[in-house]
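1. Predicted model and sequence below, questions to follow.
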Amino acid sequence: MPITVLPLENQPLGAKVLLPDGCNDPSALSEEDFKSLYDALMTYSVVVIPGMEDLKPESQWKLTTKFDPTCDQTGKSYGHGKEFRHQNSVLRRDGMTIPDQPQVQVLGQGKWPAGHYGMGELELRHPTHFDFHNKPLTDQEAFEEHKTRFYRWHIDSALYDLSPPVVTTLLGIHVPPASRKQTVHYEDTGDVLEVTQGATAFVSGSNAFESLSKEDQERALKTTVVYAPHPYIFISPARATSDGLTMVSDGKEMPFEELPPWEKSKVKRLPLVWTNPVTKKHHLQVHGCCIHQLVLPDGTVLELEDARKEVYRLMRPAIHPDNVYAHAWDKGDLVIFHNRGVWHSVTGQFQDGERRLMHQCNIASGTDPVTAF
């Protein structure tokens, strides 16, 4: 029996995938079944395979690489390391590496005893908006009124030297009860989105592009995003807008001359719109927090503050509650998302003593995304 693809009901994107009877390792799917899984991912942008809590890190890594033949299949290069672990990077505390499978990161919350795949005692920290947003919620709002924020809407990528991964795989091994709810409050419109505690939020870049006016679509198709060198270090002294879409421009970014050594040739210049290789749809794909410039079709260059304002204008409609799929984690969920077709964000915060344990894998691609006309 082939894999079964079930589009998620009443959601703007996503599908549930059931593996063939007797298969508990998606990295071992037949060529035909994997092609069906690949096509489902490109079509629905996010797929969820339940019951994968025993999936080994090696299998998760092998599965991740199968989606992109251009990425390093040897395991020697995987696209995180010095850049993400630098003491000044905003990503430095967001995960730990499995020693025997360094392509797979351990994420989560709380203290865990030694022994998890050869690791010592773990103290994991769920990233929250408190130390990233310009004006965070108060403790009363967060822990008594159960409000939360989109932490940072982003694409998984170093955005310097290395090309963005095609997919990310995220495995929920230990997750809090799905019955615990929190609410995202949109400060500019008063809208509210209810999510489960620690939900991962997804937005379709295709839906974002299609929501633009024809004029904006035509301009976006020929616009280039220039990212800052070592972008996660560049933005580390700055703070984000309350919706996690971009950064507040108040001059706090780290000066280029104070960044680690960088080369102009390794600065990422990527299209603002990326084309899906299966559906041929256009996806508005931009990491609004890490941009430095926008180069418009007529050659006009928007510098930092103006570039942020422009991508914010283009991105903001896409995170309306009706456009967001907030995945409510169950133990064993393996979520695979098309990193070149969606933006995603952490949500939620945990009380002291609450715990979560997850495995994440994404591998830098061998090629940059393109816009096909």
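-> Yep, it's here. Worth saying up front: this structure is predicted, and the values here are computed from it rather than measured.
2. Quick check: mean pLDDT of stretch 358-373?
-> Mean pLDDT, stretch 358-373: 94.
3. so how far is the first residue of that stretch from its last?
-> Criterion C-alpha to C-alpha, to the nearest Å; first-to-last residue distance in stretch 358-373 is 39 Å.
4. Likewise for stretch 282-292?
-> 23 Å.
5. From Lys280, how far out is Thr223?
-> Between Thr223 and Lys280 the distance, using C-beta to C-beta, to the nearest Å, works out to 19 Å. Every C-beta, even on glycine, is put in place using the N, C-alpha and C of the backbone.
6. more neighbours, those two?
-> The residue with the greater number of neighbours, taking Thr223 and Lys280 and applying other C-beta atoms under 10 Å, is Thr223; the counts read 22 against 9.
7. Show the contacting residues for the closest residue to that one other than its chain neighbours.
-> Leaving out its chain neighbours, the residue that sits closest to Thr223 by C-beta to C-beta, 6 or more residues apart in numbering is Leu272, at 4.2 Å. Contacts here follow C-beta atoms under 8 Å, 6 or more residues apart in numbering; on that basis Leu272 touches Ala220, Leu221, Thr223, Thr224, Val225, Leu284, Gln285, Val286, Leu294, Val311.
8. pLDDT score for the second one?
-> Looking back up the chat, that one is Leu221. Per-residue confidence for Leu221 comes out at a pLDDT of 98.
9. what's the neighbour count on it?
-> 18.
10. With Gln197 as the reference, measure out to it.
-> Leu221 sits 39 Å away from Gln197, going by C-beta to C-beta.
11. cool, the fourth one as well?
-> Counting by C-beta to C-beta, the gap between Thr224 and Gln197 amounts to 39 Å.
12. Pull out the buried positions in the longest helix along the chain.
-> Selection of the longest helix in the chain by residue count, based on DSSP state H, yields helix 31-44. Under the neighbour-count criterion of 16 or more other C-beta atoms under 10 Å, helix 31-44 has Asp33, Phe34, Ser36, Leu37, Tyr38, Ala40, Leu41, Met42, Thr43, Tyr44 buried.
13. who's in contact with it?
-> Applying C-beta under 8 Å, 6+ apart, the contact partners of helix 31-44 are 2-3, 5, 7-8, 13-15, 17, 19-20, 26, 29, 47, 66-67, 167, 276-279, 336-338, 341.
14. among the residues you listed, which ones are buried?
-> Burial by neighbour count, 16+ other C-beta under 10 Å: within the contacts of helix 31-44 this picks out 3, 5, 8, 13-15, 17, 19, 26, 29, 47, 66-67, 167, 276, 336-338, 341.
15. which residues does Thr128 contact?
-> Tyr151, Val346, Gly348, Gln349.
16. close enough to count as contact, the first one and Asp131?
-> No: contact criterion C-beta atoms under 8 Å: Tyr151 and Asp131 do not qualify, at 10.1 Å.
17. Between those two, which has more neighbouring residues?
-> For Tyr151 versus Asp131, neighbours defined as other C-beta under 10 Å are more numerous around Tyr151 (21 against 10).
18. mind checking how far the more buried one is from Leu18?
-> As it turns out, when the distance is counted by C-beta to C-beta, Tyr151 lies 31 Å from Leu18.
19. And for Gly353?
-> Using C-beta to C-beta, Gly353 is found at 35 Å from Leu18.
20. buried set for the longest strand along the chain?
-> If you go by DSSP state E, the chain has its longest strand at strand 101-112. Judged by neighbour count using 16+ other C-beta under 10 Å, the buried positions of strand 101-112 are Gln101, Gln103, Val104, Gln105, Val106, Leu107, Gly108, Gln109, Gly110, Trp112.
21. Kindly provide the whole-number mean pLDDT of it.
-> What strand 101-112 shows for mean pLDDT is 93.
22. buried ones in stretch 273-293?
-> Under the neighbour-count criterion of 16+ other C-beta under 10 Å, stretch 273-293 has 273-276, 281-293 buried.
23. Quick one: low-confidence residue ranges for the stretch 51-200 of the chain.
-> Scanning the stretch 51-200 of the chain with the threshold set as pLDDT under 70 gives 76-95.
24. hey, where'd the strands end up in it?
-> Listed in chain order, the strands of the stretch 51-200 of the chain (DSSP state E, counting those that start in this stretch) span residues 96-98, 101-112, 122-124, 147-148, 167-174, 181-185, 192-196, 200-204.
25. how about Thr64, what does it touch?
-> Neighbouring residues of Thr64 by C-beta under 8 Å, 6+ apart: Gln103, Pro165, Val167, Thr168, Thr169, Cys361, Asn362, Ile363.
26. try 7 Å
-> Counting by C-beta atoms under 7 Å, 6 or more residues apart in numbering, Thr64 touches Val167, Thr169, Cys361, Asn362, Ile363.
27. Return stretch 227-241 as PDB; C-alpha atoms alone will do.
-> As requested, C-alpha coordinates have been extracted for stretch 227-241 and formatted as PDB (Å, rounded to 0.1, in the frame of the first residue of the first chain):
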ATOM      1  CA  TYR A 227      21.500  40.000   3.500                       C
ATOM      2  CA  ALA A 228      23.900  41.400   6.100                       C
ATOM      3  CA  PRO A 229      27.200  39.700   6.500                       C
ATOM      4  CA  HIS A 230      27.000  37.300   9.500                       C
ATOM      5  CA  PRO A 231      23.400  38.400   9.800                       C
ATOM      6  CA  TYR A 232      22.600  36.800  13.100                       C
ATOM      7  CA  ILE A 233      25.500  38.500  14.700                       C
ATOM      8  CA  PHE A 234      24.800  41.800  12.900                       C
ATOM      9  CA  ILE A 235      21.300  41.900  14.500                       C
ATOM     10  CA  SER A 236      22.200  40.600  17.900                       C
ATOM     11  CA  PRO A 237      22.200  44.000  19.700                       C
ATOM     12  CA  ALA A 238      18.900  45.100  18.000                       C
ATOM     13  CA  ARG A 239      15.400  44.100  18.800                       C
ATOM     14  CA  ALA A 240      12.400  42.900  16.800                       C
ATOM     15  CA  THR A 241       9.000  44.200  16.000                       C
END
